[in-house]
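Participant: All I have is the shape, not the residue letters:
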């Protein structure tokens, strides 16, 4: 598989991923923005949509942040320039934006965060900053000048008086102007500053990884919900201590053994992580179907040429064990065995699963029932 722009995925992952920035000219030739500025403003007025406005100079205060949802009148009160509207999760609400993600399937599904849309008039910016995740900055409309380069971290000086992490005394190492279809990849920790040269929309395709804290607390919580977690520790070979205040090495070894035994269960780790990594970022968009169907309805609709799609807010992934396969959909787990295991990679490969490959599998009542369940719960829909 190649990246947008024609670079082999293997080369990109080897030379650039989490290593250094990359400018890709015409990664998406002829790209037209999947959303207009007015549509972004409309989304920012919706309760279920996460949105923000950043104003560079707000009544003398630098880089002020305002969180949505907004009243429509709010946009009439903004200055003529030097502000930015940010709409998170654009791919959850705009199918055309979700389709852009198909070009990034060289990165595992579980690493995807979402697409954030940024609209700014000439001079608009969110200030020089750095992110803690990988991001592809795709120019969808207009032009934006980017300065980038140099590693930043928590010790990097910041501007005071703002809730944002704006870098102080910023000076980038490279400068580039992106037009529609151009794209800039930035690894975590690379400072960058984008300024709109005209009315522009930039789509930020973000890829996050969990923190060590996320993993430790999430997996330990999962283990605590498993059978046997409520059992008390036993010490039938307890020996009289020389000092009752001492915690013996034997006690520590017993504790270590209890913890190590559970941490060595890689099957449990994989089952937890699949559910954790596919938990939907926005559960509001995953709603049960208005008109539930049964297995025969699904079979007939697909036979008649209907196309199957993921809900734009859904996340699909799977993990193969020796004897079975775990399919994960929006934090739920489904175990597949035998020939049914073929369903998992088929469903997870693309946001539009290949119906021609899917139809033979639906001869199995259990698999047809699973697809029906996913449809009725809102994880899949038919075009």
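Facilitator: Here it is on my side, so go on. Quick caveat, the model's predicted, so the values are computed rather than measured.
Participant: how about the residue most central in space within the chain, secondary structure?
Facilitator: Closest residue to the average C-alpha location of the chain: residue 113 at 1.3 Å, with CA atoms, centre = their mean. Three-state assignment for residue 113 (DSSP: H, G, I helix; E, B strand; the rest coil): strand.
Participant: for the one 4 residues further on, same thing?
Facilitator: When states are read from three-state DSSP, the local structure at residue 117 comes out as strand.
Participant: next one: stretch 227-238 to chain centre, how far?
Facilitator: 40 Å (CA atoms, centre = their mean, to the nearest Å).
Participant: Could you pull up the mean pLDDT of that stretch?
Facilitator: In this model, stretch 227-238 has a mean pLDDT of 89.
Participant: measure it end to end?
Facilitator: Using CA to CA, to the nearest Å, the end-to-end distance of stretch 227-238 comes out at 26 Å.
Participant: cool, stretch 131-144 as well?
Facilitator: Termini of stretch 131-144 sit 18 Å apart (CA to CA).
Participant: In the stretch 1-150 of the chain, what residue spans correspond to strands?
Facilitator: 22-24, 51-58, 61-67, 83-87, 112-120, 134-141, 144-151 (DSSP state E, counting those that start in this stretch).
Participant: Could you take these and lay them out as JSON lines, with extra columns for distance to residue 260 and mean pLDDT?
Facilitator: C-beta here means a position set from N, CA and C on the backbone, and glycine is covered the same way. Converted to JSON lines, the strands of the stretch 1-150 of the chain look like this (distance: least, CB to CB, whole Å; pLDDT from 0 to 100):
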{"stretch": "strand 22-24", "distance to residue 260": "42", "mean pLDDT": "98"}
{"stretch": "strand 51-58", "distance to residue 260": "44", "mean pLDDT": "97"}
{"stretch": "strand 61-67", "distance to residue 260": "44", "mean pLDDT": "96"}
{"stretch": "strand 83-87", "distance to residue 260": "45", "mean pLDDT": "98"}
{"stretch": "strand 112-120", "distance to residue 260": "33", "mean pLDDT": "97"}
{"stretch": "strand 134-141", "distance to residue 260": "33", "mean pLDDT": "98"}
{"stretch": "strand 144-151", "distance to residue 260": "36", "mean pLDDT": "96"}
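Participant: can you list those strands in a markdown table and add distance to residue 222?
Facilitator: Putting the strands of the stretch 1-150 of the chain into a markdown table (distance: least, CB to CB, whole Å) gives the following:
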| stretch | distance to residue 222 |
| --- | --- |
| strand 22-24 | 37 |
| strand 51-58 | 32 |
| strand 61-67 | 32 |
| strand 83-87 | 33 |
| strand 112-120 | 22 |
| strand 134-141 | 26 |
| strand 144-151 | 34 |
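Participant: wait, which of those strands is closest to residue 237?
Facilitator: strand 112-120 (50.3 Å; CB to CB).
Participant: neighbouring contacts of the closest one?
Facilitator: 35, 37, 40-41, 83-92, 97-98, 100-101, 104, 126, 133, 140, 144, 196, 199-208, 281, 315 (CB atoms under 8 Å, 6 or more residues apart in numbering).
Participant: again, but for stretch 86-94
Facilitator: By CB under 8 Å, 6+ apart, stretch 86-94 touches 34-35, 40, 43-44, 49-54, 97-98, 100-101, 114-119, 126, 203, 281-282, 285, 312-313.
Participant: now stretch 219-237
Facilitator: Contact partners of stretch 219-237, identified using CB under 8 Å, 6+ apart, comprise 251, 254, 255, 258, 262, 268, 269, 272, 273, 276.
Participant: Nearest to residue 68 among these?
Facilitator: residue 276 (27.7 Å).
Participant: Is the closest one part of a helix or strand, or is it coil?
Facilitator: helix.
Participant: In space, what's closest to it - neighbours in sequence excluded?
Facilitator: residue 218 (5.2 Å; CB to CB, 6 or more residues apart in numbering).
Participant: ditto for residue 96
Facilitator: residue 34 (3.7 Å).
Participant: Against residue 175, how distant is the one you found?
Facilitator: 27 Å (CB to CB, to the nearest Å).
Participant: Counting neighbours, go ahead and name the busier of the two.
Facilitator: Legend: neighbour count by other CB atoms under 10 Å for residue 34 and residue 175, higher for residue 34 (21 against 11).
Participant: Contact partners for that one?
Facilitator: Residue 34 neighbours (CB under 8 Å, 6+ apart): 90, 94, 96, 97, 100, 140.
Participant: The helix or strand of the chain with the lowest mean pLDDT: how far from the chain's middle?
Facilitator: Counting by mean pLDDT, DSSP states H and E, the chain has its least confident helix or strand at helix 249-263, which shows a mean of 91. With CA atoms, centre = their mean as the basis, helix 249-263 stands 36 Å off its chain's centre.
Participant: Same question for stretch 58-73.
Facilitator: Using CA atoms, centre = their mean, the offset of stretch 58-73 from its chain centre is 26 Å.
Participant: Could you do stretch 316-325 as well?
Facilitator: The mean C-alpha position of stretch 316-325 is separated from the chain mean by 21 Å, CA atoms, centre = their mean.
Participant: Stretch 236-243 too?
Facilitator: 52 Å.
Participant: please begin residue numbering at 396 from this point
Facilitator: All right, first residue 396 from here; so that's stretch 631-638.
Participant: can you tell me the distance between the two ends of it?
Facilitator: 19 Å.
Participant: Check which residues of that stretch are buried.
Facilitator: When neighbours are counted by 16 or more other CB atoms under 10 Å, no buried residue of stretch 631-638 is found.
Participant: residues of the helix or strand that the residue nearest to residue 671 is a member of that come out buried?
Facilitator: Using DSSP states H and E, residue 613 maps to helix 607-619. Applying a neighbour-count criterion of 16+ other CB under 10 Å, one finds 613, 614, 617, 618 buried in helix 607-619.
Participant: so it versus helix 644-658, what angle?
Facilitator: Using axes from the mean of the first three to the mean of the last three CA atoms, to 10 degrees, the direction of helix 607-619 lies 90 degrees away from that of helix 644-658.
Participant: Select from the contacts of strand 507-515 every entry located in helices.
Facilitator: 432, 435, 436, 485, 486, 487, 492, 493, 495 (DSSP state H).
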